[in-house]
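A.B. asks: Prediction below, plus the sequence it came from.
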Amino acid sequence: MAILTKEEARQILEKVLSFSKADECTVSLTGTQGGNIRYARNEVSTSGEETNRNLTILSSFGKRSGTASINEFDDASLEKVVRRAEELAKLAPENPEFVSILGPQQYAESAAFFDSTANINPEFRAKVAENSIVPATQKDVTAAGFLQHSSGFDSMMNSKKLFAYQKNSNVDFTVTMRTSDGQGSGWASRDFNDASKLNAAEASEIAIQKAVNSRAAKAIEPGKYTVILEPAAAVTLIDNMMSNFNARTADEGRSFLSKPGGKNKLNEKIVDERVTIYTDPMDPNLPGSTWTNEGLPRTRTEWIKNGVVQKLYYDRFWASQKGAEAVAPPNNIIMQGGTGSLEDLIKGTERGVLVTRLWYIRAVDPQTLLYTGLTRDGTFYIENGQIKYPVKNFRFNESPVIMLNNLDALGKPQRVEGNLIPPMRIRDFTFTSLSDAV
Amino acid sequence: MKRRDFIQLTGLGLGALTMPVPLFGQSVDPLQLLATGMEVAQKKQLADVALQAAKSNGATYADIRIGRYLNQYIYTRESQVQNIVNAESFGAGIRVIANGTWGFASTNDVTPEGIAKATNQALAIAKANSRLQKEPVQLVPAKGYGEVSWKTPIERNAFEVPVSEKVDLLLSANAAAIQNGAQFVNSALFFVNEQKYFASTDGSYIDQDIHRVWPTFTVTATDPATGKFKTRDALSSPMGMGYEYLTGNGAGKIAGPQGTELALYKNSYDIKEDAIAAAKQAKAKLKAKSVDPGKYTLVLEPNHLGLTIHESVGHPTELDRVLGYEANYAGTSFATLDKWQTKKFNYGSKQVTIFADKTQPGSLGAVGWDDEGVKTKRWDIIKDGVLVNYQAIRDQAKIIGETESHGCCYADSWSSVQFQRMPNVSLAPGKAKLNVNDMIKDVDRGIYIAGRGSYSIDQQRYNFQFGGQLFYEIKGGKIVGMLDDVAYQANTQEFWNSCSKICDESDYRMFGSFFDGKGQPSQISAVSHGSSTARFDGVNVINTARKI
């Protein structure tokens, strides 16, 4: 069994620490078990399972540190790996940015683990594939999909008596449906902590509908359009913006949050006042990790409130340099939205383009957070509140900062790729060329 | 399966070094990387356990890979070492065909018992999945080679070079960049050694020792008065070489075109010289002219053009993509079988011959035999502009009428199942004598682009957009100054048909991609792309500057 209880983990961690002779020592113990199934051309292509457990030691003498890890758990192996970390620490150069380890911390009890996910078996996986392949075959559509699940625990203890433990589970499902004539393609994704919430048949049906409805797409001129981005289309741009909320790069003058004269944009309005973005590991729709691998607590944190930057993330070294509080980087982002559905947003659109997802997103200019990429798997023209016809895919060049300044309306947030993101209507979204890809 | 093993080393600043770097294996003492590992005779005995167990339990084919994978990564910024990673991973992967269906299992218990157990697991998976199989797997024949070996022809094993020497090299390059006006430098060295033993029921026992290196950096120049910042990444290439790539002081380097003062590297790289140039060029980019959008003649340097070849020719001609096996992830391909069957699909102009080659010395893809025991070779994909072939492995070759595999099967670890991966895919140099200065002489309104930049392409590989590291304006046959905010967009077929000239063999060199991703769960692969400088006419250039 790869998943240890809190007490089992504590006992191993205490034993490992008892071998330490370093000035400081941190021991991390993790375990995962999981599996996957992949299918394409309406048949299963690969499937597998994996179980793993790992122990990592970080030892420090003064400002010299060394790391070693092992996946064997007899006493001799445990002592050996501690000695190895200590030997490496003694050989290492001094790290001028060394920060002493944290003492005991208070963490909320994470609610991210579900037995339903830990108990997934080969039959469950085969059924997911079947729930895509059977309806696809009936509609002359070809299914390709991937289900991946994992369950595990993370724990750590250090020589200053810090102890942390949490469990988590995740299931991720994506499916692509292509019409047999190659003219239509649709896609859907779902992710949950609790596998009992996964309905692969429902997601597959949406992907089939998008594939069938996106056949015979018309070419319309690239340019600036009002767009409705489904949550799956908006998530990567929002996520990329938030991962750049790094105080150090902002202070160093090499971030979109830098200002002339070595200042940053903390407390400045950077996007529309309806934009509020926060992280909260205790949100019941998005339960997550309550501490970082350094042992910093993760709590509800507001990053952008009413368009104004509230917080940047600081590693412990940079926080000590700036007299600031160390803040863990955002993960599992929650963007507030409205109450309306995607359909409501469509109804309220005079002319616009509905985007299912964006693909191959790459940074073009870090100064403005300009990204390029393409629409994929269902792009539709909207007129007078109705979807009129499918359109060919576009390449875009756009910055999430500009996009969120051109905000028109927000719908109800949905879970996508480990985030809660609303569908959003954006004015003047920049499409720069057409693609023939289906 | 692999993704959870990835250790993402982040927080390294900008550019290339912000890429999450996958790492396999346990972190270990660097001295452990020098241990020789298991003897070949012992590997053969263990391999025979798997092959016999598979055959006696109903397999019609079986192979085993016993692999030891070593990684060393060193990261620095300015005057400090951020991280030194030493990792080792050892285990075996067994693949069988039973009931006409593939089965695969892996184990880190490399004993007769562990191997036998994994073989039985692979057989059980094959038999369980066979009820979903529409047609039995068919392999084209592969010769049994007996007991053979191959080794990357290196002069100096990077794992034998002391860490302190490597750290000193990076820190001296960083210091040189700072002295020349850069505010920040992130630099890194990546070293990989794959010790792979392959055996199959076809009678091959193949022992291979494969080495790869990649030195790289990102230099940042800031202007505190305006708040602007610019970066310049290294003009190095990852190579299938030893540490000699870093100690040759750029021997055999090629001068950039007149008016650029660029030093461009072939089989030897001078990181300090390049860091100094990068600092100066990043500063110059702060004041460079913003490009006027429109149609331009592009003159593309090999360390830039390699990525365009990779994305617009390499990926679309992978046969598994063409057939739909990657539809849910990377996508499919515009280069469909019906286009290939016409034997006259103009992928490019008559000048364009693009070949696949797993034997090129110094390349990342060079091996003696692939991961299913097929001897590597060279073949054409595009011949005089026409699509003539794909990249195929043993269970696909029959689909395109080939009687033997192309030898491009690869797995990134003993624990990953092998599948079709891109071989080195390269643009053949021009046959007529032509250097880059003569090429530029004829260009009235153009841009010379060097180095790898931003890249994006659609899921069928029609529409792409590429940036670069350095852009120079060409007017009236001469380079007149630096440009900024440049990206070009094109359709793959139109782009390769606009190729009007290619420099000769003396200009030929390799670009590389060290962490190319494919498959679900994702696997990485390293691949080179050679070319000489090439000219493309009437390409659409956009201006990427925006205000926030």
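C.D. replies: On my side now, so go ahead.
A.B. asks: Would you tell me whether the helix or strand where A:Val401 lies gets close to chain B?
C.D. replies: Element membership for A:Val401, per DSSP states H and E: helix A:400-405. Yes. Applying C-beta under 8 Å from any C-beta of the partner chain, one finds helix A:400-405 touching chain B at A:Val401, A:Ile402. Every C-beta, even on glycine, is put in place using the N, C-alpha and C of the backbone.
A.B. asks: buried sites along the next helix or strand after that helix?
C.D. replies: For helix A:400-405, the following helix or strand on the C-terminal side (DSSP H and E) is strand A:407-410. Judged by neighbour count (16 or more other C-beta atoms under 10 Å in any protein chain shown), strand A:407-410 contains these buried residues: A:Leu407, A:Asp408, A:Ala409, A:Leu410.
A.B. asks: and the two most separated of the residues you listed?
C.D. replies: Spanning the widest gap among the buried residues of strand A:407-410 are A:Asp408 and A:Leu410, at 8.7 Å by C-beta to C-beta.
A.B. asks: quick one: common contacting residues for these two?
C.D. replies: In terms of C-beta atoms under 8 Å, 6 or more residues apart in numbering or on different chains, A:Asp408 and A:Leu410 are both contacted by the residues A:Met424, A:Arg425.
A.B. asks: sorry, back to before: may I have the helix holding A:Val401 exported as CSV, CA atoms only?
C.D. replies: This file holds the C-alpha atoms of helix A:400-405, laid out as CSV (Å, rounded to 0.1, in the frame of the first residue of the first chain):
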residue,chain,number,x,y,z
PRO,A,400,-4.3,38.2,-20.6
VAL,A,401,-3.8,41.7,-19.1
ILE,A,402,-5.3,43.4,-22.2
MET,A,403,-8.0,40.7,-22.4
LEU,A,404,-9.1,41.3,-18.8
ASN,A,405,-9.2,45.0,-19.4
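A.B. asks: which of the residues in it are buried?
C.D. replies: Those would be A:Pro400, A:Val401, A:Ile402, A:Met403, A:Leu404, A:Asn405, for helix A:400-405 by 16+ other C-beta under 10 Å.
A.B. asks: What of stretch B:289-296?
C.D. replies: By 16+ other C-beta under 10 Å, the buried positions in stretch B:289-296 come out as B:Val291, B:Tyr296.
A.B. asks: Now do the end-to-end distance for that stretch.
C.D. replies: Across stretch B:289-296, the terminal residues are separated by 16 Å (C-alpha to C-alpha, to the nearest Å).
A.B. asks: contacting residues around that stretch?
C.D. replies: Counting by C-beta under 8 Å, 6+ apart, B:445-447, B:471, B:473, B:481-486, B:488, B:538-543, B:545 sit against stretch B:289-296.
A.B. asks: Same question for stretch B:321-334.
C.D. replies: A:38, A:40-41, A:45, A:142, A:144-146, A:174-176, A:178, A:187, A:436-437, B:315-318, B:320, B:335-337, B:390, B:396, B:399, B:458-462, B:492-493, B:518-520.
A.B. asks: Pull out the buried members of the residues you listed.
C.D. replies: A:38, A:40-41, A:45, A:142, A:144-146, A:174-176, A:178, A:187, A:436-437, B:315-318, B:320, B:335-336, B:390, B:396, B:458-462, B:492-493, B:518-520.
A.B. asks: Give the bridge partners for B:Arg445, please.
C.D. replies: B:Lys475 (DSSP bridges).
A.B. asks: Test my guess that it contacts B:Lys475.
C.D. replies: Yes. Between B:Arg445 and B:Lys475 there is a contact under C-beta atoms under 8 Å: 6.6 Å.
A.B. asks: Count the residues that sit near A:Gly186.
C.D. replies: Using other C-beta atoms under 10 Å in any protein chain shown, A:Gly186 has 25 other residues around it.
A.B. asks: quick one: it from chain B, how far?
C.D. replies: Taking C-beta to the nearest C-beta, to the nearest Å as the measure, A:Gly186 falls 11 Å from chain B.
A.B. asks: Now do the SS call for the closest residue in space to that residue that isn't next to it in sequence.
C.D. replies: Distances taken as C-beta to C-beta, 6 or more residues apart in numbering or on different chains place A:Lys210 nearest to A:Gly186, at 2.7 Å, with adjacent residues excluded. With DSSP: H, G, I helix; E, B strand; the rest coil as the basis, A:Lys210 sits in helix.
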